[in-house]
Structure formats: structure tokens, C-alpha cells
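*Asks:* Provided below are the primary sequence and the corresponding predicted coordinates.
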Amino acid sequence: MPRFIGVDLTSSDKRRSTYALLDTDLRVISICDLRTDAAIIAVIRLHRPDLVAIDAPLSRPKNPQRGRDCERELNRRKIHIFPTTNKSFIKRLNSRGIKLKKALEKLRFKVIEVYPYASATVLWSKGKPVPKKTKPEGIAWFRQQLRREIPYTKPYKKLNHDECDAIIAANTAYLKHQKKTERIGYRDEGIIYIPCRQRSRSPV
């Protein structure tokens, strides 16, 4: 049975990253915090997922002053994302993400970049702003949406915002497997995968 891993990556191993593992029945098989790249790679090698979705910029912009085209396109769609520039606070996250992607691809794993906020906006916002996961009402909203989208998250009643992002990332990988995602950006600079607004159409 195909499996999908979502990784909510942090900029360094001083802070925990979170991974979630889903199967094609949308069962949350495993969810856990990890620190080092070696630990993340070990878990992925253990579970052998069909696709790994990482919540982090996995490529560098052609123009370090402007960021990547995929980021500009999301911002044009009113989906806010911080640009990956040489002055951005996510510069360290960008470096770690690229390193992790290369290591996984060397082991022949398929890796894509996702952005859980964009996925949540497309899937659930209905034109309204997505609430902040850092606030009690926001995390409650995310838990509710996840229970609707992925019924097997019901046992996880107290998911924190990192766990929510990891599950959303894994679900986006699942939707990619189902040909229900859209590519934002270009291969020579970086692609972010988001769900199709009409998931029965425009598969990529």
C-alpha cells in the first residue's frame, strides 16, 4: 500500500521537526518529532514512502533579491508566503531543506516541496482568511478541518500546529499521488505543489 510522509522542517536541529506518515486510506500511521537530518532520513528509510513532502523551500531563486517565481505567484493569489531571498530569515531553512532533499534523492526517494498554509487555503478557506495556528481558535479550526479531510485524525484530538502542518504536508503528497495537485513555479527554479481547487480537474 502506498505511503506518504510529510515533514514540517525547522531551520536547525536545535528545534524539533515533525513528520507524519499516511497511507492511501488516509490513516495516520505515525506522527513524531525528530531533531537531526539523520533521524529524519532514518525514519524515511524505515517506512519507504512513495512520496516525501517537505514544508521548506527546497531550491534557490535565480534572483536572490526577488525570491522564487513560485513564491511570487502564491502571493499574487493572495496566499502569503515569505520569499526565499539572500536577506530572508528562512535562509537557514532553505539551506537545510536543499541538503535534506539531495540526501533523500540520492537514496532514490521522491521529494516534493509543499506549503501547508497554501494547501489549507485551497482546501478549506472558502475565500476567508485562514486563522493562525498559534492561537487557540486557530488550532481548533485546523483540527476540525483535518478531522473532516482525514477521518483517521480523530484520535489525535490535541494536535499542535507542527503536527497539523506535517499531516497537511503528507495529505498534499497523497493528493499528488492521486493527480489532484497543481504545480506552482518552474522546474529550473523550484516548484511548490498545492491541491487543485477543483480536485477532480486539472491534475498534475
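*Replies:* Now that the structure is in, tell me what you want to look at.
*Asks:* Excluding chain neighbours, give the residue nearest to the residue of the chain most remote from its centre in space.
*Replies:* Relative to the centre of the chain, the most outlying C-alpha is that of Gln65, 24.3 Å out, by Cα atoms, centre = their mean. In space, and not counting its chain neighbours, Gln65 is closest to Thr85: 6.2 Å by Cβ to Cβ, 6 or more residues apart in numbering. (Glycine included, C-beta is placed from N, CA and C.)
*Asks:* isn't that neighbour right next to Lys62, touching?
*Replies:* No. Using Cβ atoms under 8 Å, Thr85 makes no contact with Lys62, being 11.6 Å away.
*Asks:* Looking at those two, which is more packed in?
*Replies:* The neighbour comparison of Thr85 against Lys62 (other Cβ atoms under 10 Å) goes to Thr85, with 19 against 13.
*Asks:* Give me the buried positions along stretch 182-202.
*Replies:* Glu182, Ile184, Gly185, Glu189, Gly190, Ile191, Ile192, Tyr193, Ile194, Pro195, Cys196, Arg199 (16 or more other Cβ atoms under 10 Å).
*Asks:* Now find how far off-centre that stretch is within its chain.
*Replies:* Counting by Cα atoms, centre = their mean, to the nearest Å, stretch 182-202 is centred 13 Å from the centre of its parent chain.
*Asks:* residues in contact with it?
*Replies:* 53, 57-62, 68-71, 73-74, 112-115, 118-119, 122-123, 172, 175-176, 180-181, 203-204 (Cβ atoms under 8 Å, 6 or more residues apart in numbering).
*Asks:* Next step: the residues you listed restricted to strands.
*Replies:* Among these, the ones falling in strands (DSSP state E) are Ala53, Ile112, Glu113, Val114, Thr181.
*Asks:* pLDDT below threshold where in the protein?
*Replies:* Low-confidence segments of the chain (pLDDT under 70): 198-204.
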